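Q: 3D, please:
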Amino acid sequence: MFVVTLLTHPANPSLGREPVEALRNAWGGGDAQWLATGEAAEFIVETAPSNASDVWSSLQGEDIDMVIQPLEGRRKKMLLADMDSTMIQQECIDELAAEAGVGDRVAEITAKAMNGELDFEGAIDERVGLLADLPESIIDHVLNTRITFMPGGKALLATMKANGGYAALVSGGFTAFTAKVAAELGFDENRANTLEVADGKLTGRVVRPILGQEAKLTALNEITATLGIDHSEVIAVGDGMNDLLMLSSAGTGVALHGKPALQAKCDVKINHGDLTALLYIQGYSKDEFAV
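A: Okay, here's the model as predicted:
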């Protein structure tokens, strides 16, 4: 049995009954269940539809996301999340660079790295090198003035944790940012890179080892082993190619507003919804959200 979930952005709850019922009828699905009026609905089908890819593409033009997955085991025990452009709406290194006056150059490198066009480790070294001699205090300034949370994040964390879930934030960004984001949203742990500091200034170097794609997979392996759960019991979310290994190894890997190269390799893609989409595809209704 498979479950088909249709959803759109909560800020513009424009999902009507007509597309839901039309698709349910076409695929011979069970009764549609509304998880949130205008935002998300689901129905069950016996087999995965052969034309799902074409339907997905058509629905994208209507600002509707569609996810089809096995019904059994879709509710997860653990969340593994990227930070930049996933749990927050910015890339922290780009925001630091903007303060340093090298924003355009760093943003260009970031975009190429996240789309898999550059080696991640080389790209992070090049970008951080442009931040040399910035005062360490710039980190708190950026956190307080430039960083905003992705909509739906607090509901996602609170709801999964209220239902016994564990949450880990694993970022190719920096611990100075993940520590605050993790504390604000309620993550149980966080892992990231460390910016080297000397005499109150950034040195332009990253402390080794650098946490990249392989390290995110290692985090998945280590945390699930500690918890005594299987990879199939994890939902992971990210937006860039350095998230691919953890997304493809988790039970459900979600490309949230993902870069094109990542979307091409992921089955679950959310382009219009926010982080609450990760609750809807697990079968939570809005009245079950913890916040």
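
Q: double-check that His84 belongs to a helix.
A: Wrong residue type there; residue 84 is Asp, not His. No. Applying DSSP: H, G, I helix; E, B strand; the rest coil, one finds Asp84 to be coil, outside a helix.

Q: my guess is it contacts Glu91, does it?
A: Yes. Here Asp84 reaches Glu91: they are 4.5 Å apart, a contact under C-beta atoms under 8 Å. For glycine as for every other residue, the C-beta is placed from the backbone atoms N, C-alpha and C.

Q: quickly list what's touching both of the two.
A: Common contacts of Asp84 and Glu91, defined by C-beta atoms under 8 Å, 6 or more residues apart in numbering, comprise Gly173.

Q: of these two, who's got more company?
A: Asp84 (28 against 23; other C-beta atoms under 10 Å).

Q: and that one, its phi and psi?
A: Asp84 has phi and psi values of phi -70, psi 130 when expressed as degrees, to the nearest 10.

Q: quick one: the strands in the chain?
A: All strands of the chain, identified by DSSP state E, fall at 2-7, 33-36, 40-45, 65-70, 78-81, 166-174, 189-198, 201-207, 234-238, 252-256, 268-270.

Q: let's have those in a markdown table, adding mean pLDDT and mean neighbour count.
A: What follows is those, written out as a markdown table (pLDDT from 0 to 100; neighbours: other C-beta atoms under 10 Å):
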| stretch | mean pLDDT | mean neighbour count |
| --- | --- | --- |
| strand 2-7 | 98 | 23 |
| strand 33-36 | 98 | 18 |
| strand 40-45 | 98 | 22 |
| strand 65-70 | 98 | 19 |
| strand 78-81 | 98 | 26 |
| strand 166-174 | 96 | 25 |
| strand 189-198 | 96 | 18 |
| strand 201-207 | 95 | 17 |
| strand 234-238 | 98 | 28 |
| strand 252-256 | 98 | 25 |
| strand 268-270 | 98 | 23 |
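
Q: can you redo these as JSON lines with distance to Ser137?
A: Converted to JSON lines, the strands of the chain look like this (distance: least, C-beta to C-beta, whole Å):
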{"stretch": "strand 2-7", "distance to Ser137": "41"}
{"stretch": "strand 33-36", "distance to Ser137": "42"}
{"stretch": "strand 40-45", "distance to Ser137": "43"}
{"stretch": "strand 65-70", "distance to Ser137": "40"}
{"stretch": "strand 78-81", "distance to Ser137": "27"}
{"stretch": "strand 166-174", "distance to Ser137": "15"}
{"stretch": "strand 189-198", "distance to Ser137": "11"}
{"stretch": "strand 201-207", "distance to Ser137": "10"}
{"stretch": "strand 234-238", "distance to Ser137": "30"}
{"stretch": "strand 252-256", "distance to Ser137": "31"}
{"stretch": "strand 268-270", "distance to Ser137": "36"}
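
Q: tell me which of those strands sits nearest to Ala111.
A: Between Ala111 and the strands of the chain, the shortest gap by C-beta to C-beta is with strand 166-174, which sits at 13.9 Å.

Q: so the closest one versus strand 201-207, what angle?
A: Comparing the axes of strand 166-174 and strand 201-207 via axes from the mean of the first three to the mean of the last three C-alpha atoms, to 10 degrees yields an angle of 120 degrees.

Q: quick one: strand 166-174 to strand 189-198, angle?
A: Inter-element angle recorded for strand 166-174 and strand 189-198: 20 degrees (by the same axes, to 10 degrees).
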